[in-house]
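Q: got a sequence here, can you build the structure:
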Amino acid sequence: MKHFLLGLVLLCLGVGTKVSANTAEATVNRTLDALHHNASVANFEAYFSLYHDNAIFIGTDASEVWDKETFKAYAKPHFDKGTGWTYYPRDRHIYFSPDRNIAWFDELLDNKSLGETRGTGVLIKVGEDWKLAQYHLAIPIPNSIADSVAEQIKTMDNEKAPL
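A: The predicted model follows:
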């Protein structure tokens with residue numbers, strides 16, 4: 001029930017997103033809000049219907065650069081158990097190409113497990129719909145701890161394959 005209410009808030013009220021009279025921007029906002037809602041309620045078909053057939057998903061791990069079919073294979077067992085992922089958008093910026101058929105965005109999101117995350121991506125207009133061509137989920141690292149995090153990653157990389 002809580003996921004349904006979250007989706008209702010995201011889809012109907014546009015919580016966390018800019019409200020604009022601009023129809024293209026409003027439609028892109030609704031598409032992104034629907035993406036987060038469908039992931040939260042583990043609606044596999046609705047979630048992946050928002051991705052273009054040639055879409056790429058880039059996850060937080062450097063190894064996670066997946067085409068749509070690979071991403072679907074990763075997500076299916078989670079969605080089948082009813083456990084998608086819940087991200088709450090709170091700050092989103094949308095930009096358009098001059099012909100307004102390509103949009104790109106950045107958004108800050110909150111997640112119970114990861115805390116603050118950032119989503120960036122590209123959507124393309126297909127008929128009257130907007131489809132995600134790329135989505136990139138990242139964990140923004142505060143500059144004050146970036147050196148420490150980089151050292152941890154280097155240590156892990158060195159353990160896997162020394163230079």
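Q: what segments of the protein are strands?
A: Secondary structure of the chain (DSSP state E): strands at 51-58, 65-67, 88-96, 102-111, 115-126, 129-138.
Q: can you list the buried residues in the second one?
A: Looking back up the chat, that one is strand 65-67. residue 66 (16 or more other CB atoms under 10 Å). Any C-beta I mention is one placed from the backbone N, CA and C, and that applies to glycine too.
Q: other residues contacting that strand?
A: 54, 55, 56, 57, 58, 59, 74 (CB atoms under 8 Å, 6 or more residues apart in numbering).
Q: what about 7 Å?
A: Residues outside strand 65-67 that contact it (CB atoms under 7 Å, 6 or more residues apart in numbering) are 56, 57, 58, 74.
Q: from those residues, pick the one nearest residue 145.
A: residue 58 (22.3 Å; CB to CB).
Q: circling back: quick one, which of the strands of the chain is nearest to residue 79?
A: Smallest distance to residue 79 across the strands of the chain (CB to CB): 13.8 Å, for strand 51-58.
Q: just how off-centre is stretch 51-62 within its chain?
A: How far stretch 51-62 lies from its chain's middle: 9 Å, per CA atoms, centre = their mean, to the nearest Å.
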